[in-house]
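A.B. asks: sequence and predicted structure below; questions after.
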Amino acid sequence: MLGRIVLAAVTLAASLIWPSGPSDDLRNGLAVTPPMGWNSWNQVGCDGLTEQVVRDAADTLVRTGMRDAGYRYVVVDDCWQALTRAADGSLEPNPDRFPHGIAALADYVHSRGLLFGIYAVPGSGTCAMYNSGYPATGIGSLGHEEQDARTFAAWGVDFLKYDWCYADTHDGLDEQAAFAKMRDALERTGRPILYSISEYGAQQPWNWGRGVANMWRTTNDLSANWDSVTSTIDQQANIPTGSPGAWNDPDMLQVGNGTLTPDESRAHFSMWAILNAPLFVGTAPSTEDLVTLENREVIAVDQDFAGTQGKRLTTAGNTEVWGKPLSGGGYAVVLLNRGDAPATMSADIPGNWQVRDLWLHKDVPDTRATVPAHGAVMLRLTPA
Ligand code: GLA
């Protein structure tokens, strides 16, 4: 009964939150479902970024079938830039790292049936200049917004990650005004460019991001360990839902990285899917990673928005039940075990359901399951 009340409340809350909200100035028609792709940062960070890494990532997406599973955007994160702007003020690629230039790289990515993304910042410095010792100056877009947007469009960019990076303290900028400025500059290029903003949840972008961007980070950088995954999950529990064209972004996937075990990775991926989160991989995937990242039944939950992203329905000790409605009248459920021992769990969702375990890829009698330590079971409930 509790489950039904909670789900009803969640559905009602969603209908109140969406599609109204801040004025919908961003009408690029993109990100109808949560965007998916690859981003360089979690794989190679600043120091390892080269055009070869990006080409290899594009090749990997095609060869492994990830592209066909939905991973379409290939995004070059920070540290692609030359150390200064050109004489005419335009951005240029670092010639040692991208000897053939960005337009050629975008062409290559497009030739593989993929879309191409890049990284910039609203202030004067990128995060890697402040945090990773990237020895550049003056490569932020402050005062160059129109010029940079035109450069990106001319290169064939399809996605821009626009990352705050202390533009308030260093440059005295106002977030919403600065993000809107690049939104408008992108729009004026006439090229559809998915707009991803990042201010780490500092000013509750879930309250104003719709209309400004297609997705906004809700939290600080996700690290490749279980504590970071669970604390990030906690920060998604009480924020308003994203919706088509405007998604909450709990940061890029760390599947395949750091200390995450296979169970932890599956739990991480399950949770991002039930949250309708953008899915950006940042690893050279092992065979085991691919089993996780290419689980089409889980991806289908991520891509299905039926009024609200997932909510935490119940908590008991170290266990939590998360759920969300699916189109067609069903529900997706994640049984999340944060504890150090296996736990027997179930979800009490009243109704007659056909229950499918999305990791076992088979129908099961009911929602009762033994969930591994630091793990999750993901279920799909279809009206019986
Ligand atoms: C910030 C962002 C990361 C990444 C780096 C690049 O930390 O949150 O996702 O873009 O900057 O420097």
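C.D. replies: Great, that's in hand. Note that this is a predicted model, so its numbers are computed, not measured.
A.B. asks: can you name the next helix or strand after the strand or helix carrying residue 356?
C.D. replies: Assigned by DSSP states H and E, residue 356 belongs to strand 353-357. For strand 353-357, the succeeding helix or strand toward the C-terminus, using DSSP H and E, is strand 362-364.
A.B. asks: for that following strand, which outside residues touch it?
C.D. replies: For strand 362-364, contacts defined as Cβ atoms under 8 Å, 6 or more residues apart in numbering pick out 354-357, 379. C-beta here means a position set from N, CA and C on the backbone, and glycine is covered the same way.
A.B. asks: what pLDDT is listed against the most centrally placed residue in the chain?
C.D. replies: Residue closest to the average C-alpha location in the chain (Cα atoms, centre = their mean): residue 278, at 3.0 Å. Listed pLDDT for residue 278 reads 99.
A.B. asks: what of residue 21?
C.D. replies: 39.
A.B. asks: same question, residue 25
C.D. replies: The model's pLDDT for residue 25 equals 75.
A.B. asks: would you turn the contacts of strand 362-364 into JSON lines with pLDDT?
C.D. replies: Output for the contacts of strand 362-364, formatted as JSON lines (pLDDT from 0 to 100):
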{"residue": "354", "pLDDT": "98"}
{"residue": "355", "pLDDT": "98"}
{"residue": "356", "pLDDT": "98"}
{"residue": "357", "pLDDT": "98"}
{"residue": "379", "pLDDT": "98"}
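A.B. asks: so the residue of the chain positioned farthest from its centre: helix, strand or coil?
C.D. replies: Here the centre of the chain is the reference, and by Cα atoms, centre = their mean the most remote residue is residue 87, at 35.4 Å. Here residue 87 is coil, with the state taken from DSSP: H, G, I helix; E, B strand; the rest coil.
A.B. asks: mind listing what's buried in the host helix or strand of residue 152?
C.D. replies: Per DSSP H and E, residue 152 falls inside helix 145-155. Of the residues in helix 145-155, those buried by neighbour count under the rule 16 or more other Cβ atoms under 10 Å are 145-153, 155.
A.B. asks: got it, and stretch 369-378?
C.D. replies: Under the neighbour-count criterion of 16+ other Cβ under 10 Å, stretch 369-378 has 369, 371-378 buried.
A.B. asks: circling back: please report the distance of the residue nearest to the centre of the chain from residue 239.
C.D. replies: For residue 278, the distance to residue 239 (Cβ to Cβ, to the nearest Å) stands at 15 Å.
A.B. asks: spell out which residues of the stretch 151-300 of the chain are next to the ligand.
C.D. replies: 163, 198, 221 (Cβ under 6 Å from any ligand atom).
A.B. asks: let's go with 8 Å and repeat that
C.D. replies: Within the stretch 151-300 of the chain, the positions lying close to the ligand (Cβ under 8 Å from any ligand atom) are 161, 163, 165, 198, 200, 217, 220-221, 251-252.
A.B. asks: secondary structure class for residue 157?
C.D. replies: Per three-state DSSP, residue 157 ends up coil.
A.B. asks: I figured it hits residue 194, correct?
C.D. replies: No - the pair residue 157 / residue 194 is not scored as a contact, 9.5 Å apart, by Cβ atoms under 8 Å.
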